[in-house]
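Asks: Quick one, what's the 3D model for this:
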Amino acid sequence: MWTIPIEGMTCASCAGRVEKALLRVPGVRSARVNLASETALVEGGAQVGSQALAESVQRAGYQVPRKVMELAVEGMSCASCVTRIEKALAALPGVLEASVNLATQQARVAYWGGADLPAQALAAVQKAGYTAHLVDGAAGGGDEARPFWAREGVQVLASALLSAPLVLPMVGDLAGRHWMLPALWQALLATPVLFVFGARFFRAAWGAVRAGTANMDLLVALGTSAAWALSMALWWRDPQGMPHLYFESAAVVITLVRLGKWMESRAKRRTLEALDALQSLRPATAQRLSGGQVHTVPVGELALGDTILVKPGERIAVDGEVVDGRSHVDESLITGESLPVARGPGDAVIGGSVNAEGVLQVKATALGAESQIARIVRLVASAQGGKAPIQQQVDKVAAVFVPAVLVLAVVTLAGWWLAGEDGATALIRAVSVLVIACPCALGLATPAALMVASGVAARRGILVREASALEHLRSVQVVAFDKTGTLTEGRPRLLQHQGVPGGPAEGELLALAGGLQAASEHPLARAVLAAAAERGSPAHAARGVAAVPGCGMQGEVESPAGWQRVALGQARWMDELGVDRTALAAFAEACEARGETVSWLCATPPGGGAPTLLGCFSFGDQARGRARAAVAALQAQGLRCVLISGDSLGAAGHLAREVGITEVHAQVRPEQKAALVTRLQAGGTAVAMVGDGINDAPALAAADVGLAMAHAEGGTDIAMHSAGITLLRADPWGVVEAIALARASHTKIRQNLFWAFFYNVVGLPLAALGWLSPVFAGGAMAMSSVSVVGNALWLGRWKPPVPPDA
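Replies: Residues are numbered from 1 along each chain as shown. Next up, the predicted model:
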């Protein structure tokens with residue numbers, strides 16, 4: 001029986017529609033909706049899944065609220081452990097999706113169940129033979145939090161010291177010496193290694209047996225205990241002689257496997273360095289301004305709206321807005337932007353960035369979990385915990401791998417026995433088969449590479465929100481770009497202005513237009529004021545300024561000749577006012593042919609009469625600095641670049657020619673962009689959509705992979721949640737870097753999978769044929785995981801493509 005919370009129902013017909021949708025799910029026997037409690041009570045067979053129920057509600061037009069919890073799981077050793085835990089969690093009523101990551105040792109569970117579901121999830125993991133606890137972000141831990149004697153490195157060292165005397169006879173044989181220890185000493189050294197330092201393998205193996213499955217721990221436990229038991233039996237049969245014993249196999253295999261796990265865990269911690277580096281950017285204290293006084297307070301005590309003082313060289317403690325002061329801010333560790341950016345009053349700054357030369361006063365606009373660093377950390381952690389499509393295929397192999405190894409070990413034992421070998425030799429060769437199997441390498445091959453790749457991406461200002469995005473991105477064939485805010489700067493600039501012959505000089509034209517628009521927030525007004533400031537033409541004083549909706553602005557502006565009544569606006573309005581535009585018509589037509597926006601400035605003579613033309617202003621949105629270089633780099637890789645814009649064909653075509661794109665789709669409304677992306681996907685073509693993440697959300701979702709370009713003007717929030725990948729730098733070259741990194745990470749995944757399968761495909765037959773001793777087999781198994789993680793770490797040395805202007 002399921003109790004499903006449902007949002008959006010308002011009447012009895014809504015309830016009836018939901019009930020009908022639920023009853024269409026195979027296996028559902030009855031469904032009753034309670035409109036007052038906004039829940040549905042569903043009865044059905046065991047084959048009914050929570051995901052199918054939720055999807056049926058969504059198809060009916062309503063929503064099932066989705067919650068997410070994360071569990072830290074202890075005791076996982078291989079890919080079969082991952083599969084078993086995922087199945088245990090997915091079987092819980094109310095669980096929509098369960099994903100377990102062997103590299104991070106965490107499980108992410110999406111569910112709509114009640115408040116008791118987290119407890120049920122912990123119990124399900126425990127029943128599967130593992131231990132787990134909820135991740136709350138505050139749990140410390142790691143190896144350093146344990147008592148000294150319980151730390152992994154200490155236990156590995158102790159196990160190695162006990163095992164070393166057992167290996168000495170092998171060294172002696174090479175030197176022609178007989179250094180065999182008495183059987184009693186061998187047993188005394190090997191037994192604590194097996195049953196104390198190897199206890200973790202037996203506990204995990206017993207949990208797997210109770211759950212009716214098998215994992216790597218079971219292979220190790222069976223192999224080492226068989227070698228130990230055989231040695232004890234041979235010693236008991238001939239206590240006075242010097243029989244060949246295999247205590248060293250049991251002890252050394254345990255030591256090598258634990259050594260490999262220790263090295264693996266240290267390597268995996270390095271893959272999380274990107275997150276650690278981001279989290280360490282946040283200062284612990286801040287200088288709060290209050291009542292004219294400066295007080296040093298913990299960052300946790302700051303409230304929204306508080307103003308903090310940031311001195312040169314200090315890190316900015318919170319996301320905020322500059323209210324006073326000017327400086328350059330180094331945001332390289334957050335956005336990947338190599339050069340400091342200028343910041344002044346009204347500009348947004350990111351917590352964790354470094355103030356350069358000036359003193360800033362910053363008003364806090366986001367704190368704690370809502371800060372940009374916190375959101376970035378959550379997105380990177382989510383990507384590292386995600387599962388790529390290729391890993392799903394590996395999981396299917398891993399699910400049958402351990403049982404197949406057990407069967408091979410039995411066949412090896414029986415085969416050598418039937419071939420005439422004595423029981424001890426046959427058993428030892430079966431032990432070699434058990435301990436050389438490397439299911440953990442299979443489980444680590446993909447997630448280890450993805451963890452490193454997402455960390456490298458974060459350092460470059462590329463946020464990977466979904467693990468599958470990297471895999472899809474490496475195979476794209478078409479890159480579709482939005483125009484405004486993506487390939488262009490997203491804000492208009494005054495490109496040209498020209499006065500009538502014999503009229504005011506260009507500086508005076510700017511001063512007149514600036515005076516009229518000094519109080520306006522219109523983008524074109526800001527462009528005029530910015531141009532006036534850059535060219536040293538301060539705006540004249542103005543009075544009686546008013547906006548004429550859909551036309552422009554008019555008012556009185558003080559000029560050297562006295563107060564003038566002027567108007568600035570569209571050509572249609574000028575015509576209505578009776579302004580003769582002939583003198584500048586050719587200039588305006590040339591600007592409009594390039595897709596630029598034209599505004600006209602006129603003045604009414606002091607004595608009255610028809611307004612006379614003073615000048616013309618042309619506005620345009622300039623292409624970003626590296627837009628052309630990015631398009632050229634993508635085309636050089638054989639990718640087809642497409643421009644999709646809602647602007648006129650003239651404006652879109654002009655930009656396309658400027659950046660080197662030949663395929664242009666203009667005057668496309670936001671709701672039409674998704675349909676256009678679908679047409680581009682015809683024939684199985686993989687399409688990447690690059691947009692600003694605001695009005696391009698439908699197209700970003702429709703594409704095989706969406707790349708959202710964040711903006712300093714507040715678009716970052718929307719961009720970070722609207723695509724699989726977010727580019728924190730407003731730079732099209734980030735698309736080139738993202739595709740290059742996706743291809744590099746896929747190469748590492750393929751290499752890791754090759755080595756993981758190579759160890760097994762080569763090692764298992766050699767062990768079955770008796771060519772590998774258990775000691776060598778255990779060492780090879782331990783090193784397989786280390787080599788896979790080590791190979792993934794090489795991705796951290798990846799160098800991004802260098803733009804031509806670098």
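
Asks: What separation do you get for residue 535 and residue 330?
Replies: 30 Å (CB to CB, to the nearest Å). Using the backbone N, CA and C atoms, a C-beta is placed for each residue, glycine as well.

Asks: Residue 132 too?
Replies: Residue 132 is 41 Å from residue 330, by CB to CB.

Asks: in the sheet, who's paired with the residue most central in space within the chain?
Replies: The chain has residue 464 as the residue nearest its centroid, 2.7 Å off, counting by CA atoms, centre = their mean. Beta-bridge pairing of residue 464 under DSSP bridges involves residue 725.

Asks: Low-confidence bits of the stretch 251-400 of the chain, can you list those?
Replies: Along the stretch 251-400 of the chain, segments meeting pLDDT under 70 span 260, 263-279, 332-339, 376-396, 398-399.

Asks: likewise the stretch 451-600 of the chain?
Replies: 550.

Asks: per-residue pLDDT, the residue with the largest distance to the centre of the chain?
Replies: What lies farthest from the middle of the chain is residue 607; by CA atoms, centre = their mean that is 66.9 Å. Residue 607 carries a pLDDT value of 73.

Asks: How about the secondary structure of it?
Replies: Secondary structure, DSSP: H, G, I helix; E, B strand; the rest coil: residue 607 is coil.

Asks: Can you tell me what sits against stretch 501-514?
Replies: 497-499, 528-529, 531-532, 535-540, 557, 559-560, 564, 566, 568, 583, 601, 603, 613-615, 617 (CB atoms under 8 Å, 6 or more residues apart in numbering).

Asks: ugh, wrong one, I meant stretch 308-320
Replies: 281-283, 285-289, 294, 299, 302, 327, 329, 348-367, 370-372.

Asks: Need the buried ones from these selected in PyMOL.
Replies: The following PyMOL line selects those of the contacts of stretch 308-320 that are buried, judged by 16 or more other CB atoms under 10 Å:
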select buried, resi 281+282+283+286+287+288+289+299+302+327+329+348+349+350+351+352+353+354+355+356+358+360+361+362+363+364+365+366+367+371+372
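
Asks: C-alpha coordinates for stretch 344-359, CSV please?
Replies: Taking C-alpha atoms only, stretch 344-359 is exported to CSV below (Å, rounded to 0.1, in the frame of the first residue of the first chain):
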residue,chain,number,x,y,z
GLY,A,344,32.0,49.5,-8.0
PRO,A,345,28.7,50.7,-6.5
GLY,A,346,25.8,48.6,-7.7
ASP,A,347,28.0,45.7,-8.9
ALA,A,348,27.5,42.2,-7.5
VAL,A,349,30.4,40.4,-5.8
ILE,A,350,30.9,36.7,-4.9
GLY,A,351,31.8,35.5,-1.5
GLY,A,352,35.2,34.0,-1.4
SER,A,353,36.7,36.3,-4.0
VAL,A,354,39.7,38.4,-3.1
ASN,A,355,39.6,42.2,-3.0
ALA,A,356,42.6,43.8,-4.7
GLU,A,357,43.5,47.4,-4.1
GLY,A,358,40.5,49.4,-2.9
VAL,A,359,38.3,49.4,0.2
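
Asks: Inside helices: which ones of the contacts of stretch 308-320?
Replies: Residues from the contacts of stretch 308-320 lying in helices, with DSSP state H as the criterion: residue 372.

Asks: Can you flag which of the contacts of stretch 308-320 belong to strands?
Replies: 285-289, 294, 327, 329, 348-349, 354-355, 360-366 (DSSP state E).

Asks: helix or strand right after the helix or strand containing residue 765?
Replies: Taking DSSP states H and E as the definition, one finds residue 765 inside helix 733-768. The helix or strand immediately downstream of helix 733-768 is helix 774-793, counting by DSSP H and E.

Asks: can you give me the angle that following helix makes with helix 733-768?
Replies: 170 degrees (axes from the mean of the first three to the mean of the last three CA atoms, to 10 degrees).

Asks: any idea of the mean pLDDT in helix 774-793?
Replies: 76.

Asks: Also stretch 128-137?
Replies: 78.

Asks: in it, what counts as buried?
Replies: For stretch 128-137, by 16+ other CB under 10 Å, it's 128, 129, 130, 132, 135.

Asks: Make CSV out of these and add secondary structure and distance to residue 425.
Replies: Converted to CSV, those look like this (DSSP: H, G, I helix; E, B strand; the rest coil; distance: CB to CB, whole Å):
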residue, secondary structure, distance to residue 425
128, coil, 37
129, coil, 33
130, coil, 36
132, strand, 42
135, coil, 49
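
Asks: for these, which one is nearest residue 487?
Replies: Nearest to residue 487, judged by CB to CB, of the buried residues of stretch 128-137 is residue 135 at 40.2 Å.

Asks: can you tell me which residues contact that closest one?
Replies: Residue 135 neighbours (CB under 8 Å, 6+ apart): 69, 70, 71, 72, 106.

Asks: do the same with residue 91
Replies: Residue 91 is in contact with residue 124, counting by CB under 8 Å, 6+ apart.

Asks: Dihedrals phi and psi, it?
Replies: With angles defined as degrees, to the nearest 10, residue 91 sits at phi -80, psi -10.

Asks: next one: residue 26
Replies: According to degrees, to the nearest 10, residue 26 has phi -60, psi 130.

Asks: Over to residue 67?
Replies: Dihedral angles of residue 67 (phi, psi; degrees, to the nearest 10) stand at phi -110, psi 160.

Asks: Pull the contacting residues for the residue lying closest to it once chain neighbours are set aside.
Replies: Counting by CB to CB, 6 or more residues apart in numbering, residue 67 lies nearest to residue 111, which is 5.7 Å off, once chain neighbours are set aside. By CB under 8 Å, 6+ apart, the contact set of residue 111 is 50, 66, 67, 68, 69, 92, 94, 95, 96, 117, 121.
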